[in-house]
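Undergrad: Provided below for reference: sequence and predicted model.
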Amino acid sequence: MRTEIKLAGFGGQGVILMGVLLAQAAGYHENKEVAQTQSYGPEARGGACRAEVVISDEPIDYTKTLNPDIFVAMSQPAFDKYIKEININTADIFIDDTLVTEVPEGIKKLHRVSATKLAEEKVGNKMVANTVMLTALVNATKMVSLEAMKSTIAENLPAKIRAVNMKAVDMALEYCGQQGDKQ
């Protein structure tokens with residue numbers, strides 16, 4: 001089964017890292033076929049960026065998303081730019097509702113995650129909002145196991161930011177447990 005994920009936001013939010021970590025968790029720990037691509041503007045920090053991940057049980061013949069099953073928007077401009085490419089009747093759509101405040105009616109599977117607010121208030125570092133969102137995404141979709149995601153974070157992040165990211169994972173799982181079906 002092929003699962004297509006589009007992640008979007010602005011430079012500095014860790015959108016590209018989310019895509020890389022998700023692909024590595026699926027490929028290295030879950031033995032899935034994966035493809036990960038990325039794009040970002042010349043502005044780097046603050047400019048538009050996106051990452052795409054394709055996860056499959058079979059060889060991947062096309063590495064880009066054609067009809068994303070999952071869309072993650074970490075900023076309003078990213079949401080506005082890419083939502084027109086997303087089937088709002090079938091796709092799971094995750095938004096950082098701290099920064100994405102204007103969402104049209106009719107989205108069938110909308111997941112509101114206050115990633116930036118939670119990272120700042122509960123972890124003390126808004127730079128881990130991407131880890132909060134990635135944890136919420138993995139928890140809701142089960143596309144990879146939480147153990148695979150945690151292992152990937154532990155193996156790939158430098159020691160100086162590993163602890164705060166693991167704290168963000170634990171806090172996000174607690175938040176997801178409290179939210180239940182409210183998302």
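TA: Yep, that arrived.
Undergrad: Burial check on residue 90, number of neighbours?
TA: By other C-beta atoms under 10 Å, 11 other residues sit near residue 90. The C-beta positions use only the backbone N, C-alpha and C, and glycine is treated the same way.
Undergrad: wait, it sits on residue 69?
TA: Yes. With contact defined as C-beta atoms under 8 Å, residue 90 counts as touching residue 69 (7.5 Å).
Undergrad: Please name the bridge partners of residue 36.
TA: For residue 36, the beta-bridge partners are residue 53 (DSSP bridges).
Undergrad: That one against residue 50, yeah?
TA: No. Assessed by C-beta under 8 Å, residue 36 is found out of contact with residue 50, at 11.4 Å.
Undergrad: Contacts only, for residue 149.
TA: 21, 22, 25, 134, 135, 138, 169 (C-beta atoms under 8 Å, 6 or more residues apart in numbering).
Undergrad: Grab the most central residue of the protein for me.
TA: residue 134 (4.2 Å; C-alpha atoms, centre = their mean).
Undergrad: What helix or strand is that one located in?
TA: Taking DSSP states H and E as the definition, one finds residue 134 inside helix 129-141.
Undergrad: tell me the mean pLDDT for that helix?
TA: Averaged across helix 129-141, pLDDT comes to 96.
Undergrad: Next SSE downstream of that helix?
TA: Immediately after helix 129-141, counting by DSSP H and E, sits helix 146-156.
Undergrad: Which positions in the following helix or strand past that following helix come out as buried?
TA: Later in the chain than helix 146-156, the nearest helix or strand by DSSP H and E is helix 159-179. Judged by neighbour count using 16 or more other C-beta atoms under 10 Å, the buried positions of helix 159-179 are 164, 165, 166, 167, 168, 169, 171, 172, 173, 175, 176, 179.
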